[in-house]
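J.: I need the structure of the sequence given here:
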Amino acid sequence: MAADEPGDRERQEPSAQDEPSFSDQVGAAIRGSKLGQLDPAAKPSANALLGAMGGVRGLIESLLPGILFLVLYATTKSVWISVLVPLAVSIGFVAWRVLQKGQPVLAFAGLIGVGISAAVALITGQGEDNFLWGFTVNTIVILVLVISMLMRKPLVGVIAGALTGTPHAWRTERAKRAVAWRATILWLIVIGARLAVQVPLYFAETEGLPGAIELLAGAKLLMGVPLYLAALWVTWLMVRTVLESPDADTPADPEGSGKR
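T.: The predicted model follows:
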């Protein structure tokens, strides 16, 4: 049997150029998410932000488990009741979406978080340990934001590039790069503020300070969805401003090194 000619092998083997890059894959994932419904060039609206959070239903699925924990623990002081009831409600949300043939992604993600938090609290027998998983997630997000900045690819720029279809403009155009850095720092401050407020309350509870766990649960609720929506609104305004700016296409150093 004759050996394949070089040209035949080239036709048989997929070209590396035909395979989507990591940036393309990240962009496709972002555009396919709820966040992909936002148009960075459009005027920010409450309805659009609400849609990005999954609508009223998504907000309920995000907030209700935390509210139930706060109310139940404050009234019963029972770890089992205060973590198992929210877990059962989260399972109900997922089942409801599956039965309606909807998209259970947000509800399922919430179920994972509630489930892990409940498991940790039940294993240790301490109600305050219900918040350890949230601390872990926030820490991971901070690390991702910092790493993206160290790589000179600020995360907000990556996301905005995916939404606008200009993945490289946020590294090569001065105005857009500045917004990407500032918005990423904004999110770093927002997530860091959550830890700065909630971690001391957690340790206050472990030291037996009365009412600390109720304060911790309340802080988590207030610094959760409401704070995220506010940060998303500000980020949207920043991105929209630079997209409309006549100087937005001013070329700059592609690596963002600031060298002259």
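
J.: Quick check: Leu232 touching Leu49?
T.: Yes - Leu232 lies in contact with Leu49 (C-beta atoms under 8 Å); the separation is 6.1 Å. Backbone N, C-alpha and C define where each C-beta goes, glycine included.

J.: Looking at the two now, which is surrounded by more residues?
T.: Between Leu232 and Leu49, counted using other C-beta atoms under 10 Å, the more crowded position is Leu232 (19 against 16).

J.: what's the distance between the more buried one and Ala160?
T.: Distance of Leu232 to Ala160, given as C-beta to C-beta, to the nearest Å: 12 Å.

J.: do Leu195 as well
T.: Leu195 is 25 Å from Ala160, by C-beta to C-beta.

J.: Please identify which of the two sits among more neighbours.
T.: Neighbour count, other C-beta under 10 Å: between Leu195 and Ala160, Ala160 has more, with 27 against 17.

J.: Tell me the secondary structure of the more buried one, please.
T.: helix (DSSP: H, G, I helix; E, B strand; the rest coil).

J.: so what's it up against?
T.: Pro40, Trp170, Lys176, Val179, Ala180, Ala183, Val239 (C-beta atoms under 8 Å, 6 or more residues apart in numbering).

J.: try 10 Å
T.: The neighbourhood of Ala160, defined by C-beta atoms under 10 Å, 6 or more residues apart in numbering, consists of 30, 38, 40, 154, 166-167, 169-170, 176, 179-180, 183, 235-236, 238-239, 242-243.

J.: The residue lying closest to it once chain neighbours are set aside is in what secondary structure piece?
T.: Distances taken as C-beta to C-beta, 6 or more residues apart in numbering put Val239 closest to Ala160, at 5.2 Å, once the chain neighbours are dropped. Per DSSP states H and E: Val239 is located in helix 225-244.

J.: Check Gly218 too.
T.: Gly218 belongs to helix 212-222, assigned by DSSP H and E.

J.: How about the contacts made by Trp187?
T.: Trp187 touches Val141, Ile142, Leu145, Pro154, Leu155, Val156, Tyr228, Ala231, Leu232, Val234, Thr235, counting by C-beta under 10 Å, 6+ apart.

J.: Of the residues you listed, just say which sits nearest to Ala119.
T.: Looking at the contacts of Trp187 and their distance to Ala119, the nearest is Val141, at 21.1 Å (C-beta to C-beta).

J.: so that closest one touches Leu155, yeah?
T.: Yes - the criterion here is C-beta atoms under 10 Å, and Val141 meets it with Leu155 at 9.2 Å.

J.: Could you point out which residue ranges in the chain have low pLDDT?
T.: Scanning the chain for pLDDT under 70 picks out 1-39, 41, 102-107, 244-260.

J.: Helices of that one, residue ranges please.
T.: 6-12, 22-31, 46-52, 55-76, 79-99, 105-124, 132-150, 155-164, 169-172, 174-206, 212-222, 225-244 (DSSP state H).

J.: orientation of the fifth one relative to helix 55-76 in degrees?
T.: Counting by axes from the mean of the first three to the mean of the last three C-alpha atoms, to 10 degrees, helix 79-99 lies at 160 degrees to helix 55-76.
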